[in-house]
Each structure stands twice: as structure tokens, then as C-alpha cells.
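[1] Sequence and predicted structure are below.
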Amino acid sequence: MEARTARGNLKVTYRVYVTSNEVPEKALEIMRKVAEVRVNDKYGTPAREVLLREVADVDGLYCNITEKIDSELLAAGKRLKIVASMSVGFDHIDLDEATRRGILATHTPGVLTEAVADETFGLMLAIARRLVEADQYVRDGSWKLKWSPMLLVGRDVYGKTLGIYGLGRIGIAVARRAKGFGMKVIYYDAIRNEEAERALGIEFRPKDRVIRESDFLSVHVPLTPETRNSISTQEFKMMKNTAYVINTARGGVVDEKALIEALRAGTIAGAALDVFEREPVESDNPLLKMKNVVLAPHLASGSIESRTAMAVLAANNLVAGLSGQTPPNLINRQVLQRRG
Ligand code: DGY
């Protein structure tokens, strides 16, 4: 889009569409410096036909994990130069297609690491010490006897073995916290990280040994075709029946049907889940009726500090992309070769 400045010089102005009306003003201001910014005027993700229409005339798309950035959408974005997602995960973006079309795709790593690790620990403590059940017990008036020896007893976290499945930034931040809880930390990742092993005193194990030996198995791998359902019936059978699964990564990594069966059968002790196969969770999902689970609505990165930082980082990525620079958090680097 071209316009004339007050002095009559030619100026290039870009158009950007922002899919959520909850994006902090600070992030919008950053984008308004270089672009005309249109924000979804309704709460929530835009309907698909709205998104397809809105993307048609913009140079930049600022999105969330709730939008499917697939080939149809990328094709509809005739002028699209960049898709900036306010998320670290990018399984909602068809990267091959974006690259083929010369469209940059960015994400927001780093700024949410500690928030996600905090929530992971919160979930671990909540499920092991039955904190959600305990809260409910007090609120609904069930608490009659001042103290009783075995009321709502759970299991220790301190001193137990934590298995980390996926030792990226978040896995490492969880391992650091675990050391403060006197835990033995073992991990599996497709790429071994000996530096982290030395620095944190953690141990690499093959995946099946992590699964067998963990008291808490915490999932931190991205969702890819290789990791989809990579914790399923066979893995639950290998786990201790006193063990818990914590998932703050992506629902698709843990086979939910197999998990529900394992929880029902007592194959494992419990699960604390921030993510699900279908989000929001449907009202007939059996997990909603189970006592040995703690559930959260995909909010592991949900601290005001972290969400604001994510929003700002996504905006900076978008502005860099529009201004012809390489965005700091470019995912599909191959696109640079295509663009020449
Ligand atoms: C992400 O960033 O990928 C989360 O799932 C949303 O915070």
C-alpha cells in the first residue's frame, strides 16, 4: 500500500490483521508505527470465513494458536509477507506451504519459559497433594473434623523421580525447579544435551526407561507427526501405578483415549493436564468426571508478565518482517533462500 507523506514523499504503509481483541495495547502500538492495524472486533477467534476475508488484503497476520494457518488461508493472503504467532508452539501453521509461498512465519520462544515451568510445577503439586479436591472439600462443607490422620492424603513430590520428556527451554526450566525439590531428574530427548546434564545434574535415559522410572512424567515435546500419541497404551503400561503424567505441551502428544483408560484402570495414579486433544474440552469428555485428574484450560503461559512479553515479541517479529529484516524468531529459515 502506498501513500504520500505531508511533504509529498512516497511512503509504504502496510496492513496488518490481528485475530484477537485481547492483544495488549503495547503490542498494537508497535505495529501501528509501520502499519494500518485492523483488530478482530469480537472476543475469540474469528470465524473461518471472516479470517479468509480479512487476510485477503493484508501484508501481515498476527495470530494465535486458535487459528489454523493452512494452505487455504495462506493462499487467501495474496499479499501476505509474514504470519506472526503469539505462541511458542507452531503446530497450527503449515510451514512448508508458508515457505513455498515465501511467507515468513514467526513464534515467541523464551519469554514464556518460566511461566510454563511454574505452572507445570503447580500442576504437579496439585495432583500429587490433591489440592483441587481439598479446596472443593472445604468449600462444599465436607470438612467436619478438625484434623484426621488420613484425610485427603496424597503423595510426596519432594525427593521423587521426575522424568522430562523433551528437554528444550521449558524442560530445562522444569528440571531447575525440580532440583529445589530434591528430585532425581531423568530425561529423554531426540537430541542429548550433555551440557545441561552437567550443569543441572540430570541424567539422559532412553525414552522407555524414563517412562518406567518416573514418579512424575512431564511432557515438553512439540507436537509433530513423530510425537503425536507418543504416550499411549503401551507407555502407560510401562509406568509405575503410583506415577502421574503432567502435560503442558500439546494434547495430541498424549493419547487421550488411552490416558482415560489408564486412569480408569489404575494403571497410573493420575494426570494433570493443561492441554487436550480437543480444546475447549467437550462437555462429555470423561476426564471431567474423574477425581484423579487436575485440569486447566491451556494457560501454562498465562501470567500477565509472560503474555505481555509474548504479545510484544510477536509484534516485533511482525514489524521486522514487514520492514525487510530477518525477524528474530523466524521459524521457516528456508524461506530466506527462496526469497533470495
Ligand atoms: C504456546 O505458546 O504455544 C502455548 O501453547 C500458548 O501459550
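    Alright, I've got the coordinates.
[2] Burial check on residue 59, number of neighbours?
    Residue 59 has 22 neighbours, counted by other CB atoms under 10 Å. Placement of C-beta: from N, CA and C, glycine included.
[3] ok, the closest residue to residue 215 other than its chain neighbours - contacts?
    Once flanking residues are discounted, residue 215 sits nearest to residue 160: 3.9 Å by CB to CB, 6 or more residues apart in numbering. Counting by CB atoms under 8 Å, 6 or more residues apart in numbering, residue 160 touches 183-184, 215-216.
[4] just the strands in the stretch 101-250 of the chain please.
    104-106, 161-165, 184-188, 203-204, 216-219, 244-247 (DSSP state E, counting those that start in this stretch).
[5] In the contacts of residue 160, which residue is surrounded by the most others?
    Greatest neighbour count in the contacts of residue 160, by other CB under 10 Å, goes to residue 216: 28 neighbours.
[6] Name whatever forms a beta bridge with that residue.
    Beta bridges link residue 216 to residue 162, residue 244, judged by DSSP bridges.
[7] So which residues on the stretch 101-250 of the chain come close to the ligand?
    Remark: the part of the stretch 101-250 of the chain in contact with the ligand comprises residue 112, using CB under 6 Å from any ligand atom.
[8] and the residue of the stretch 101-250 of the chain nearest the ligand?
    Closest approach between the stretch 101-250 of the chain and the ligand, counting by CB to the nearest ligand atom: residue 112, at 5.8 Å.
[9] sorry, back to before: in JSON lines: the strands of the stretch 101-250 of the chain, plus mean pLDDT and distance to residue 291.
    Listed next are the strands of the stretch 101-250 of the chain as JSON lines, based on pLDDT from 0 to 100; distance: least, CB to CB, whole Å:
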{"stretch": "strand 104-106", "mean pLDDT": "98", "distance to residue 291": "41"}
{"stretch": "strand 161-165", "mean pLDDT": "99", "distance to residue 291": "23"}
{"stretch": "strand 184-188", "mean pLDDT": "99", "distance to residue 291": "28"}
{"stretch": "strand 203-204", "mean pLDDT": "98", "distance to residue 291": "33"}
{"stretch": "strand 216-219", "mean pLDDT": "99", "distance to residue 291": "18"}
{"stretch": "strand 244-247", "mean pLDDT": "99", "distance to residue 291": "13"}
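[10] Quick check: the gap between residue 89 and the ligand.
    Taking CB to the nearest ligand atom, to the nearest Å as the measure, residue 89 falls 3 Å from the ligand.
[11] Tell me how many other residues crowd that residue.
    Neighbour count of residue 89, defined by other CB under 10 Å: 17.
[12] Which strand or helix spans it?
    Using DSSP states H and E, residue 89 maps to neither a helix nor a strand.
[13] List the contacts of it.
    Residue 89 sits in contact with 65, 107, 222-223, 249-250, where contact means CB under 8 Å, 6+ apart.
[14] What is the nearest of those residues to residue 200?
    Ranked by distance to residue 200 (CB to CB), these are led by residue 249 at 19.5 Å.
[15] close enough to count as contact, that closest one and residue 298?
    No. Between residue 249 and residue 298 there is no contact under CB atoms under 8 Å: 10.7 Å.
[16] So for the two, which residue has more residues nearby?
    Between residue 249 and residue 298, counting by other CB under 10 Å, residue 249 is the more crowded of the two (26 against 18).
[17] what's the neighbour count on the closest residue to residue 276 other than its chain neighbours?
    Excluding its sequence neighbours, the residue lying closest to residue 276 (CB to CB, 6+ apart) is residue 251, at 4.1 Å. Using other CB under 10 Å, residue 251 has 20 other residues around it.
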